[in-house]
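[1] Provide a 3D model corresponding to the input given below.
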Amino acid sequence: MKTRVLIISGIVLLSVSVAFAATFGTKKRMKRPHEFGNVVINNYSEKENIAPVVFKHWIHRKKYTCRVCHVDVGFAMQAGGTGIMEEDNQLGLFCGTCHNGDIAFNSQARDNCEKCHSFGKKSSPKAFYDSIKGMPQARFGNRVDWLKAEENGKMKLIDFIEGVSMQRKALDPQKDFDIKSTILGMPDIIFSHKKHAVMNGCELCHPEIFGAKKGATKYTMEEIFNGMYCGACHDKVAFPFYDCQLCHIKEVY
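    Prediction:
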């Protein structure tokens, strides 16, 4: 039995060594809290001699659910995947859905251009740190426990935009379920639909990212680290992978 455990442990260590061999000895700076989740949109900006857009998720996720932007408004889940053009915003699509002077500042006003087209320009992170005062803290990412903040009423998320969203009857969330770990000694994941549905609804994840049937979609941690499946959100906007125990929480006996 001990021999078998040693062999399995050796295989796991070898796999990890191979995976990290290309970056061994290098260090990548962890993003600062006010930088985490920022997305640079540069499909057309530099071609028109305009600074690329820096989209700050923290501003928007404090006000809106992920679902309302990525389903109702129609933003792709991948940076640059939507191909937004200025004409789209002028027609009230994408950013122009809200940035029209009524819901949020008017993106068409010249004085407001640099609020979005800010890549490479110095800006103070003071607004971010002022905004998160009193919010439940987390260890990584924005250093904010966004889920707990919603549960505690620290933020009231908007999930409906008049003229864009459809009225939906809320579905009863499924019960939590286990996802088996394939690494020896690593606790299983306990996945909560209820927690994810608060931000995402159902249609943000199903069926584009995960199949609608439990267990139908097979994936690996390597794929997740490469931005697929759970990695579509985690490590980009949702909490990063540094703290394994946020997902792998089932006790090992």
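[2] what's the distance between stretch 200-207 and the middle of its chain?
    Remark: stretch 200-207 is offset 13 Å from the chain centroid, using C-alpha atoms, centre = their mean, to the nearest Å.
[3] For it, measure first residue to last.
    13 Å (C-alpha to C-alpha, to the nearest Å).
[4] Same question for stretch 186-194.
    Start-to-end, stretch 186-194 (C-alpha to C-alpha) is 24 Å.
[5] just stretch 225-245 next, same as before
    Termini of stretch 225-245 sit 16 Å apart (C-alpha to C-alpha).
[6] repeat for stretch 212-224
    18 Å.
[7] Show me what counts as buried in that stretch.
    Residues of stretch 212-224 classed as buried: Met221, Ile224 (neighbour count, 16 or more other C-beta atoms under 10 Å). To be clear about C-beta, it is placed using only N, CA and C from the backbone, and glycine gets the same treatment.
[8] Excluding its own residues, what touches it? List them.
    19, 177, 182-183, 206, 210-211, 228-231, 234, 241 (C-beta atoms under 8 Å, 6 or more residues apart in numbering).
[9] And those residues, which is closest to Lys133?
    Lys133 lies nearest to His234 out of the contacts of stretch 212-224, by C-beta to C-beta, at 25.2 Å.
[10] Might one say that the closest one is in contact with Cys244?
    No - using C-beta atoms under 8 Å, His234 is not in contact with Cys244, being 11.6 Å away.
[11] These two - which one has more neighbours?
    Neighbour count, other C-beta atoms under 10 Å: between His234 and Cys244, His234 has more, with 18 against 13.
[12] Distance check, the more buried one against Ala138.
    Distance, His234 to Ala138, by C-beta to C-beta, to the nearest Å: 13 Å.
[13] Then Pro207?
    Relative to Ala138, and taking C-beta to C-beta, Pro207 is found at 30 Å.
[14] Confirm that Pro173 lies within a strand, as I assumed.
    No - counting by DSSP: H, G, I helix; E, B strand; the rest coil, Pro173 is located in no strand; its state is coil.
[15] Number of residues surrounding it?
    14.
[16] which residues touch it?
    Per C-beta under 8 Å, 6+ apart, neighbours of Pro173: His193, Lys194, Ala197.
[17] all strands for the stretch 1-150 of the chain, in order.
    38-41, 53-56 (DSSP state E, counting those that start in this stretch).
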